[in-house]
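>>> Test case, fold it:
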Amino acid sequence: MRNILRFILLAFLAVVTACSDELDTSVSSQPTASSDTLDVGLLLAGNSSQTYGLKLYNRHSHEIRLSSIVLRNASTSGFRMNVDGMNGSSFTNPDLLRIASGDSLFLFVEATFPAGSGRSHTDYIDITCNGRTQTVVLLGESKDVGVWHAKTIDSDLTLPSGAEYQIYDSLVVAAGVTLTLEDSVVLYLHDKADIHLYGTLLCEGSPGRPVIIRGDRTDKMFDNLYYDGLPAQWGNLYVHESSTGNVWTCADIHGMNEGIRISPADIDTTLTGDGDRRITFRYCRLSLSDSALVRAVGAYCRMEGCLLSNAGGALLDIQGGAWEVDHCTLANYCYASRIMSPALCLTNLYGFPLLRCNVNNTIVWGDTYNPLVSPTRSDVEIVYQEFVDAEGIRSDSVFHYRFDHCLLAAYGTDDNDFISTVWAQDPLYVLIDDDNYTYDFRLQEESPAVGAAAESGLATDLDGNPWSSTPAIGCYEYVQ
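Down below sits the predicted model:
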């Protein structure tokens, strides 16, 4: 009896196996594509997209076999296709195109659009099975820009409004030379490409038409995150010792590896003009560095109406020198790397005296160093070092700073160095959405920064709105 039952069971399994291997040739038995349209987005001409995946599912009870998978205009469209690990534009091998019941077949698509090939690009993947063809539409756009490889600017040059250049290797502005970027100029820096300023860079953006310096990837990492929203997309911006008189107005600089690095230079404490300063930042948006965003050693700079945000290190790391900071917002919510430092750091650790650092009407408030979460943490770090000369006699370095009408992520009390301070109160930014990498550092109506600043010489906020007679602290006036 046991042998009979065993025979029946084996016969049943054989029948089931035979049925599962049966080929379904019905016209109605078609693979289901994970999408009927695939859009690679906007690419700079000559740049390759990331690899996009597409699946063909067999949701039927038996195996199906495709007759062909063809990329219709592969020789001219700029799109490329890979089927289950094999590159090509036309696949007809029956062994490759079998899809078992409940299984799937992978297709991968990339694109590179050459210069001069037009703005919009379309191609089609035709998938034929059991005498019927279904089509997946491929879409993309491209933009032609100028291309510079290891470019050195050795005579004065102005890039006109709207000009766009892609930079490979490096962009160097020679000593004694001025590069002027008019409004809406965009510089796209390739991976690890640096900017070196030995001469002068003038950014002449305007509200709504900023000068933009960014990475050259225009596609997405995730559905809700572009590569342009990540740090470390290009190298660094170096301001060397010989570079002075840089005035950056309405500049949007983001996506760096180690941020803006300002080297030391001789400082005359009486200097006040823009031409004397290393850099004057006016209404700039600086963001997304894998390390400190702005690090200045022994530099003389002014920063007014600026937003500094989202870096792996300090947003503003001042190591000696002379600084004026007015109506700025420093907000660190870096989602791409661990934040390793408070947002604002003042120090003389490297032997450069802090001749002065006047911080007025400024918010310093981020996430990691939030005193409301941990009272011992502060987003403002002030480190003073006493120096000893060769004879062992102490000689204190000059170290002067003053915070006036600021909102700080720290607990403290006012004194001669801190005046009319809003201590340890959340500024209530409009939007902090870490899940979708979206931030709006404007102020809610209930923000303690609203109406708490002193009047200054700035006419407008970062958005171009006029300041009221009782202005808000930070780079944004509250507008209902």
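>>> Contacts only, for Phe106.
53-55, 83-85 (Cβ atoms under 8 Å, 6 or more residues apart in numbering). Every C-beta, even on glycine, is put in place using the N, C-alpha and C of the backbone.
>>> Let's see which of those end up in strands.
53-55, 83 (DSSP state E).
>>> Go through these and say which is closest to Trp323.
Nearest to Trp323 out of the ones in strands among the contacts of Phe106 is Gly53 (Cβ to Cβ; 49.1 Å).
>>> Name whatever forms a beta bridge with the closest one.
Beta bridges link Gly53 to Phe108, judged by DSSP bridges.
>>> And for it, the neighbour number?
Number of residues near Gly53 (other Cβ atoms under 10 Å) recorded here: 12.
>>> Could you double-check that it sits in contact with Ser104?
No: the criterion here is Cβ atoms under 8 Å, and Gly53 misses it with Ser104 at 10.7 Å.
>>> I'd like to know how far Leu23 sits from Glu63.
Going from Leu23 to Glu63 by Cβ to Cβ, to the nearest Å gives 5 Å.
>>> Likewise for Asn416?
Going from Asn416 to Glu63 by Cβ to Cβ gives 83 Å.
>>> that older thread, distance to Val239 and pLDDT added to the contacts of Phe106, as JSON lines?
Listed next are those as JSON lines, based on distance: Cβ to Cβ, whole Å; pLDDT from 0 to 100:
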{"residue": "Gly53", "distance to Val239": "43", "pLDDT": "94"}
{"residue": "Leu54", "distance to Val239": "46", "pLDDT": "95"}
{"residue": "Lys55", "distance to Val239": "49", "pLDDT": "96"}
{"residue": "Val83", "distance to Val239": "50", "pLDDT": "96"}
{"residue": "Asp84", "distance to Val239": "51", "pLDDT": "88"}
{"residue": "Gly85", "distance to Val239": "48", "pLDDT": "88"}
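>>> Which of those residues are buried? Put it as a PyMOL command.
Selection of buried members from the contacts of Phe106 for PyMOL, criterion 16 or more other Cβ atoms under 10 Å:
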select buried, resi 54+83
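>>> returning to that earlier point: with neighbour numbers in mind, choose between Asn416 and Glu63.
Between Asn416 and Glu63, Glu63 has the larger neighbour count (other Cβ under 10 Å), namely 18 against 6.
>>> beta partners of the residue lying closest to Thr249 once chain neighbours are set aside?
Using Cβ to Cβ, 6 or more residues apart in numbering and skipping the chain neighbours, the partner closest in space to Thr249 is Arg282 (4.4 Å). On the basis of DSSP bridges, Arg282 is bridged to Thr249, Glu304.
>>> wouldn't Arg282 be in contact with Asn246 here?
No: counting by Cβ under 8 Å, Arg282 does not reach Asn246; the two are 11.1 Å apart.
>>> Between the two, which is the more surrounded one?
For Arg282 versus Asn246, neighbours defined as other Cβ under 10 Å are more numerous around Asn246 (24 against 19).
>>> The more buried one is in contact with Tyr238, isn't it?
No: with contact defined as Cβ under 8 Å, Asn246 does not count as touching Tyr238 (11.9 Å).
>>> who touches both of those two?
Leu197.
>>> and the gap between the residue lying closest to Gln444 once chain neighbours are set aside and Asp252?
In this structure, Gln444 finds its nearest non-sequential neighbour in Leu428, 4.3 Å apart by Cβ to Cβ, 6+ apart. Applying Cβ to Cβ, the value for Leu428 to Asp252 is 24 Å.
>>> any idea what Asp228 is structurally, helix, strand or coil?
helix (DSSP: H, G, I helix; E, B strand; the rest coil).
>>> Enumerate every residue touching it.
214-215, 217-218, 254-255.
>>> Just give the number of residues close to Gly321.
Gly321: 23 surrounding residues under other Cβ under 10 Å.
>>> The helix or strand harbouring it pairs with which strands, and in what direction?
Following DSSP states H and E, one finds Gly321 within strand 316-326. Sheet pairing of strand 316-326 (DSSP bridges) gives strand 294-304 (parallel), strand 344-347 (parallel), strand 354-360 (parallel).
>>> Would you reformat those as CSV and include distance to Asp434, mean pLDDT and mean neighbour count?
Shown next, in CSV, are the strands paired with strand 316-326 (distance: least, Cβ to Cβ, whole Å; pLDDT from 0 to 100; neighbours: other Cβ atoms under 10 Å):
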stretch, distance to Asp434, mean pLDDT, mean neighbour count
strand 294-304, 23, 96, 23
strand 344-347, 22, 97, 23
strand 354-360, 27, 96, 20
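>>> Reformat these as a markdown table; add distance to Pro264.
Formatted as a markdown table, the strands paired with strand 316-326 follow (distance: least, Cβ to Cβ, whole Å):
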| stretch | distance to Pro264 |
| --- | --- |
| strand 294-304 | 3 |
| strand 344-347 | 14 |
| strand 354-360 | 12 |
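>>> looking at those, which is closest to Asp463?
Here strand 294-304 is closest among those (Cβ to Cβ), at 14.3 Å.
>>> how many neighbours does the nearest residue to Leu349 once chain neighbours are set aside have?
Using Cβ to Cβ, 6+ apart and skipping the chain neighbours, the partner closest in space to Leu349 is Gln385 (5.1 Å). Residues near Gln385, counting by other Cβ under 10 Å, number 12.
>>> His196 too?
Other residues within reach of His196, judged by other Cβ under 10 Å, total 18.
>>> check contacts around it.
Contact analysis of His196 by Cβ under 8 Å, 6+ apart lists 170-173, 238, 240.
>>> Let's see which of those end up in strands.
170-173, 238.
>>> Redo those as JSON lines? Include pLDDT, distance to Met303 and neighbour count.
Formatted as JSON lines, the ones in strands among the contacts of His196 follow (pLDDT from 0 to 100; distance: Cβ to Cβ, whole Å; neighbours: other Cβ atoms under 10 Å):
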{"residue": "Ser170", "pLDDT": "98", "distance to Met303": "26", "neighbour count": "19"}
{"residue": "Leu171", "pLDDT": "98", "distance to Met303": "23", "neighbour count": "23"}
{"residue": "Val172", "pLDDT": "98", "distance to Met303": "25", "neighbour count": "21"}
{"residue": "Val173", "pLDDT": "98", "distance to Met303": "21", "neighbour count": "24"}
{"residue": "Tyr238", "pLDDT": "98", "distance to Met303": "18", "neighbour count": "18"}
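>>> would you turn these into CSV with distance to Gly162?
Formatted as CSV, the ones in strands among the contacts of His196 follow (distance: Cβ to Cβ, whole Å):
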residue, distance to Gly162
Ser170, 24
Leu171, 18
Val172, 23
Val173, 21
Tyr238, 27
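>>> Return the closest of those residues with respect to Ile153.
Proximity of those to Ile153 (Cβ to Cβ) peaks at Val173, which lies at 4.8 Å.
>>> where's the closest one relative to Thr280, distance?
For Val173, the distance to Thr280 equals 17 Å [Cβ to Cβ].
>>> Now do the shared contacts for Leu23 and Glu63.
Here Leu23 and Glu63 have no joint contacts, going by Cβ under 8 Å, 6+ apart.
>>> hmm, back to that, just to check, the residue nearest to Leu349 is in contact with Leu346?
No: taking contacts as Cβ under 8 Å, Gln385 lies outside contact range of Leu346: 11.5 Å.
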